[in-house]
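1. dropping the sequence and predicted coords here.
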Amino acid sequence: MKFKLAFKFLACLTLILLTSASPAAGQRRAPGRKLVKVYFYHDPGEFIDLSPVKRYVSALNPARGAIEAFLAGPTRQESSRGFEGVADEFRIGSLGIADGTARINFVASRRWMGWAGDLAPIRFKKAVELTLKQFPNVRSVIVTLNGDPNFE
């Protein structure tokens, strides 16, 4: 009886460890895909309570894919582990990378009611910066919201 219980415990623990170390559910490696990091709010986090999760995105435009995954927010599984999105009600207006600088403009939906808390715009900018700076052709990031670089 004790052996059976210990075996079930180890099997569950192994499953949890394998699941938490792997990319999000449904994010399996496929040809033409690239593994990237996407940063979400998670307390405690590495950078002002931001921590990465992994996603597979198109290898043709991984920066855009990473930002689209960022805007989509955490999966149900990641949410259950304490991750929260920081980019509700936004879409990519434009994204370009030239001479080591990524310039990205987000467009807020008409329903957007503003930032929820003083650190929200800072976390948002930092999450975008961390997500884009993982790419070797990005050294700096300029983030705007509806064309405004000073949206705090």
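-> Arrived safely, thanks for sending.
2. what's the weakest-modelled helix or strand in the chain?
-> Least confident helix or strand, the chain: helix 2-21 with a mean of 40, by mean pLDDT, DSSP states H and E.
3. contact partners for the most centrally placed residue in the chain?
-> When Cα atoms, centre = their mean is applied to the chain, the residue found nearest the centroid is Val38 (2.7 Å). When contacts are counted by Cβ atoms under 8 Å, 6 or more residues apart in numbering, Val38 touches Pro52, Val53, Lys54, Arg55, Ala66, Ala69, Phe70, Thr131. Glycine gets a C-beta too; all of them are placed from N, C-alpha and C.
4. Ala116: which of these is nearest?
-> Phe70 (17.0 Å; Cβ to Cβ).
5. counting neighbours, what do you get for that closest one?
-> Residues contacting Phe70 under the criterion other Cβ atoms under 10 Å number 27.
6. before we move on, what about Arg103?
-> By the criterion of other Cβ under 10 Å, Arg103 has 15 neighbours.
7. which residues does it bridge with?
-> Here Arg103 shows beta-bridge partners Gly96, Ile142, assigned using DSSP bridges.
8. Leu50 now?
-> Bridge pairing for Leu50 - DSSP bridges - gives Tyr41, Phe47.
9. about what we covered before: now the contacts of Val38 as JSON lines including secondary structure?
-> Below are the contacts of Val38 laid out as JSON lines (DSSP: H, G, I helix; E, B strand; the rest coil):
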{"residue": "Pro52", "secondary structure": "strand"}
{"residue": "Val53", "secondary structure": "strand"}
{"residue": "Lys54", "secondary structure": "strand"}
{"residue": "Arg55", "secondary structure": "strand"}
{"residue": "Ala66", "secondary structure": "helix"}
{"residue": "Ala69", "secondary structure": "helix"}
{"residue": "Phe70", "secondary structure": "helix"}
{"residue": "Thr131", "secondary structure": "helix"}
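10. among the residues you listed, the buried ones, what's the PyMOL command?
-> Burial among the contacts of Val38 is assessed by 16 or more other Cβ atoms under 10 Å; the matching PyMOL selection reads:
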select buried, resi 52+53+55+66+69+70+131
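11. between the contacts of Val38, which is nearest Val143?
-> Thr131 (10.7 Å).
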